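**Q** A predicted structure for the sequence below; I have some questions about it.
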Amino acid sequence: MAKKTDKTATGELDRILVLELVRVTEAAAVAASRFIGRGDEQAADAAAVEAMRAALNGLRISGTVVIGEGERDEAPMLYIGEKVGRGKGPKIDIALDPLEGTTITAKGGPNALAVVALAEAGNLLHAPDTYMSKIAIGGGYPEDVIDLDNSVAENIANLAGAKGVAPEEIMACVLDRPRHGEIIKQLRELGCGITLIPDGDVAGAIATSNPDTGIDILMGEGGAPEGVLAAAALRCTGGQFQGRLIFRNDDEKARARRLGIDDLNRKYNLEDLAAGDVIFAATGVTDGSFLNGVRRSPRGGFSTHSVAMRASSQTVRWVTTDHTPGYRAR
């Protein structure tokens, strides 16, 4: 794991990178969209990876992938440690998921995204490919409203109090997995609404920052790399996030130590996962809670729906782009 810093924006990240990053996620989303509902997860992911890699290599950065498709011996492209960009410009750490929701895409389900976050070198946690216990809410609340070590009832009561509503009016987002049976049971007992999602907890975490989604809180266990991506997005919106790595065996613990993680029980907050000036971009592959999927026109063009965020300015830009027939990522 690279040494963490507590610095804020230093001007190294040019604002033009915000929109350039959107072009990267657009390219991956359009490529993956060709496989929506086709039942082929590997083909969808491979298309997104190839398109995203080509787009990243066009950027004027000296980038290193710190959250990617896996370690070098597991992923032929966009592996952890891979160098991307034109080799000029600022040194950048990159967290990415070319297709957040491969199964979703293959089945034609909701909330599949192409996602990238970047920060100056040393500011993104090099998270191992393990599980992470997570809790997240959107912006506008006092600090420490949620805590990973609190019970479900305590977190819901604190959030409801901060929001000025009854616990029954809180809507929680939870991955639909057997391991979340107890969380779901406790939420039901409190009278909360629950949005169960099949995959894509990055989208679920970001949805807490958009009132239009109706989602107030994300709870449960999901991938650790996705936790870093979610934290990067919530850094840009003023949200709150906590996570703790979960290890199923000694091999996963060894992998974490290889990445420089010594405290295996550490509780991470937003700044631990994504510090400094963070830029985040996502493009919808399929329709979801806050982004529309890729649309194809009868004449061969596309339209894409993206979001671009920056932590230093706390700006969120919604970008709808029409791509004419013959579109190529540039």
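**A** Arrived safely. Numbering: from 1, shown residues only.
**Q** end-to-end on stretch 166-175?
**A** 23 Å (Cα to Cα, to the nearest Å).
**Q** what helix or strand does the residue nearest to residue 210 when sequence neighbours are not counted sit in?
**A** In space, residue 210 comes closest to residue 290 once its chain neighbours are excluded; the distance is 4.8 Å by Cβ to Cβ, 6 or more residues apart in numbering. C-beta: built from backbone N, CA, C; applies to glycine. For residue 290, there is no host helix or strand (DSSP states H and E).
**Q** tell me the contacts of residue 290?
**A** Residue 290 makes contact with 203, 206, 207, 210, 212, 213, 307 under the criterion Cβ atoms under 8 Å, 6 or more residues apart in numbering.
**Q** what sits against the second one?
**A** Shown in contact with residue 206 (Cβ under 8 Å, 6+ apart): 230, 233, 234, 237, 282, 290, 307.
**Q** out of the residues you listed, which is most surrounded?
**A** residue 230 (33 neighbours; other Cβ atoms under 10 Å).
**Q** ok, that residue touching residue 136?
**A** Yes. Counting by Cβ atoms under 8 Å, residue 230 touches residue 136, with 6.3 Å between them.
**Q** anything in contact with each of the two?
**A** In contact with both residue 230 and residue 136: 205, 218, 241, using Cβ under 8 Å, 6+ apart.
**Q** quick one: the helices in the protein?
**A** For the chain, helices defined by DSSP state H occupy the ranges 16-33, 41-56, 102-107, 152-163, 181-190, 201-207, 224-237, 250-258, 270-273.
**Q** nearest residue to residue 160 in space, please, no chain neighbours.
**A** residue 167 (4.5 Å).
**Q** for that neighbour, what are its contacts?
**A** 156, 157, 160, 190, 191, 192.
**Q** now render those residues as a markdown table, adding neighbour count and pLDDT.
**A** Formatted as a markdown table, the contacts of residue 167 follow (neighbours: other Cβ atoms under 10 Å; pLDDT from 0 to 100):
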| residue | neighbour count | pLDDT |
| --- | --- | --- |
| 156 | 24 | 98 |
| 157 | 16 | 98 |
| 160 | 20 | 98 |
| 190 | 16 | 98 |
| 191 | 12 | 98 |
| 192 | 23 | 98 |
